[in-house]
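Asks: Build me a model:
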Amino acid sequence: MFKKIISIAASAAVIVSVLVAAPAQAAGQSIKGSGSSFANNAMQACLGAYTNNTVTYTSTGSGTGKTNYLAGTYDFAATDSLFTSPAPTSTYVTVPLLGGPVAFAYTAAKVADGLNLTAQNISDIFTGRVTKWNDASIKANNTKIALPNKAIKVFYRSGSSGTNENISNYLAQNLPGQGWVKSSTWSTAIAGAKLNTTVVGTGLATSTLVSETLEDTLNGFGYFDLSDAITADVSIAKLKNAAGAFVAPTSSAAAKFINAQSIITGQTDATNGTLNIDFTKSVSGAYQLSIVTYGVAPRYVPTPTAKVSTIASKLAVGDFFKYVVSSCIPAKAASLGYVALGGALKTSALNQIKTIG
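Replies: All right, here's what the predicted structure looks like:
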């Protein structure tokens with residue numbers, strides 16, 4: 001089992017030496033954000049080491065984070081899914097901040113890390129077609145493992161979750177015709193995949209709650225970010241990728257998948273610089289269900305008399321995003337279980353950050 005090797009403070013800012021130089025207009029501000037629970041451990045680690053401004057971040061789930069941003073009650077949002085409708089009426093920018101794998105975790109009796117699962121296995125468990133660990137369809141890919149004849153206790157993300165949207169999109173792309181719908185709400189995503197709309201299992205609000213509950217439940221099954229997975233006393237499944245290999249959710253395997261995706265460019269709307277993720281793409285050694293967390297912030301539109309923004313709180317958001325992309329995640333990604341942006345994606349993200357204001 002993955003051991004508890006990481007401890008992350010959920011406090012706001014910790015006083016340490018200055019790591020990056022901020023614009024004069026961006027120093028000494030207090031800003032707050034909310035959203036993705038998938039990225040929460042990364043956000044807490046980064047704001048705890050960032051000294052130019054005071055940043056607080058509340059793990060609410062991507063949907064609530066976007067709602068808070070729409071309401072104007074937070075300076076920024078972090079989300080694993082893009083705005084659709086409703087979307088902000090004011091101009092905004094969507095900035096890739098970090099990536100990571102979505103891990104499928106379990107507490108099946110006497111089954112260690114490395115249970116091999118396919119997209120079909122995942123779908124069947126969540127739709128109630130497979131209800132026991134020793135089902136023939138699971139045994140087929142795990143012939144050397146003694147699977148218990150026990151009922152699977154399923155846990156999923158309730159509410160509006162970017163992780164839900166990515167998993168349902170992954171299943172919809174990899175299992176066409178089976179009724180999966182890309183949706184941040186699990187009941188909507190799963191409805192078409194069943195003969196009825198009754199969701200299997202127990203819903204919990206955040207990734208951390210799912211991991212904590214699963215940890216205390218024998219024969220449980222759920223999903224959350226790798227960072228929560230490696231700090232919980234749970235076992236982690238391998239997922240079959242499009243190249244035909246069963247791959248564990250590691251930072252390096254997720255990086256291979258994310259770096260192979262295409263960047264949306266040349267757009268005038270807030271999708272510019274985001275990724276068009278193809279969950280069916282065959283990439284050797286890649287973990288197939290790897291996703292990106294985006295930061296959402298106001299975009300400054302230059303005028304003839306004001307080429308750049310002078311609003312300190314908005315500049316502070318840009319400075320924090322730059323620190324996350326350029327300094328914090330590159331330094332901490334491997335230990336936290338995330339992926340730092342690289343190459344063209346990092347360059348694109350930094351260009352997007354320059355437009356915040």
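
Asks: Tell me who's in contact with the residue nearest the centre of the chain.
Replies: Closest to where the C-alpha atoms of the chain average out (C-alpha atoms, centre = their mean) is residue 38, at 4.2 Å. Residues near residue 38 by C-beta atoms under 8 Å, 6 or more residues apart in numbering: 62, 80, 100, 102, 162, 163, 207, 224, 225, 291, 293. In this view, the C-beta of every residue, glycine as well, is placed from N, C-alpha and C.

Asks: Local confidence estimate at residue 8?
Replies: Per-residue confidence at residue 8 stands at 32 (pLDDT).

Asks: try residue 20
Replies: 38.

Asks: Next: residue 58.
Replies: 98.

Asks: same question, residue 2
Replies: Residue 2 is given a pLDDT of 42.

Asks: Also residue 24?
Replies: On pLDDT, residue 24 comes in at 43.

Asks: hang on, the earlier thing: leaving out chain neighbours, which residue sits closest to the residue nearest to the centre of the chain?
Replies: The shortest distance from residue 38 to any non-neighbouring residue, by C-beta to C-beta, 6 or more residues apart in numbering, is to residue 225 (4.5 Å).

Asks: wait, the one you found sits on residue 41?
Replies: Yes - applying C-beta atoms under 8 Å, one finds residue 225 in contact with residue 41, separated by 7.1 Å.

Asks: Next up, phi/psi of the residue nearest to the centre of the chain, please.
Replies: Backbone torsions of residue 38, given as degrees, to the nearest 10, read phi -60, psi -40.

Asks: pLDDT at it, what is it?
Replies: 96.

Asks: gap between the longest strand along the chain and the chain center?
Replies: Assignment by DSSP state E gives strand 92-106 as the longest strand of the chain. Distance of strand 92-106 from its chain centroid, counting by C-alpha atoms, centre = their mean, to the nearest Å, is 3 Å.

Asks: Which secondary structure element of the chain has the lowest mean pLDDT?
Replies: helix 186-191 (a mean of 89; mean pLDDT, DSSP states H and E).

Asks: How about residues contacting it?
Replies: 126-127, 156-158, 161, 164-165, 167-168, 171, 179-183, 197, 199-200, 203.

Asks: centre of the chain versus the helix or strand that comes right after it, how much separation?
Replies: For helix 186-191, the following helix or strand on the C-terminal side (DSSP states H and E) is strand 202-204. Distance of strand 202-204 from the chain centroid (C-alpha atoms, centre = their mean) equals 18 Å.

Asks: What strands line up against strand 202-204, and which way round?
Replies: According to DSSP bridges, strand 202-204 forms sheet pairs with strand 153-157 (parallel).

Asks: Quick one: mean pLDDT over the partner strand.
Replies: In this model, strand 153-157 has an average pLDDT of 97.

Asks: what's the neighbour count on residue 187?
Replies: Residue 187: 14 surrounding residues under other C-beta atoms under 10 Å.

Asks: now swap in residue 129 and tell me
Replies: So residue 129, with other C-beta under 10 Å, has 15 neighbours.

Asks: picking that back up, got the contact list for the residue nearest to residue 38?
Replies: 37, 38, 39, 41, 100, 101, 102, 103, 163, 207, 337, 338.

Asks: Next one, pLDDT for it please.
Replies: 95.

Asks: shaky segments in the stretch 251-357 of the chain?
Replies: Nowhere does the stretch 251-357 of the chain drop to pLDDT under 70.

Asks: for residue 223, which residues make a bridge with it?
Replies: residue 104.

Asks: Please work out how many residues are found near the closest residue to residue 293 other than its chain neighbours.
Replies: Nearest residue to residue 293, sequence neighbours excluded (C-beta to C-beta, 6+ apart): residue 39, at 4.0 Å. By other C-beta under 10 Å, the residues close to residue 39 number 34.

Asks: okay but residue 39 is in contact with residue 77, surely?
Replies: No - Residue 39 sits out of contact with residue 77 when judged by C-beta under 8 Å, with a separation of 10.8 Å.

Asks: Out of the contacts of residue 38, which sit inside helices?
Replies: Members of those lying in helices (criterion: DSSP state H): 62, 162, 163, 207.

Asks: and the third one, what does it touch?
Replies: With C-beta under 8 Å, 6+ apart as the criterion, the residues that contact residue 163 are 37, 38, 62, 80, 102, 157, 207, 223, 224, 225, 291.

Asks: try it again with 7 Å
Replies: 38, 80, 102, 157, 207, 223 (C-beta atoms under 7 Å, 6 or more residues apart in numbering).

Asks: Tell me where the stretch 51-200 of the chain has strands.
Replies: 54-59, 76-79, 92-106, 116-117, 153-157 (DSSP state E, counting those that start in this stretch).

Asks: returning to what we had before: for the ones in helices among the contacts of residue 38, which one is nearest residue 116?
Replies: residue 163 (21.7 Å; C-beta to C-beta).

Asks: so what's that closest one scoring on pLDDT?
Replies: pLDDT, residue 163: 96.

Asks: care to break the protein down by domain?
Replies: Using automatic domain parsing, the domains assigned to the chain come out as 24-101+260-353, 102-255.

Asks: what's the neighbour count on residue 137?
Replies: 14.

Asks: actually residue 334, sorry about that
Replies: Residues lying near residue 334 (other C-beta under 10 Å) number 15.

Asks: Locate it within the secondary structure: which element?
Replies: helix 329-336.
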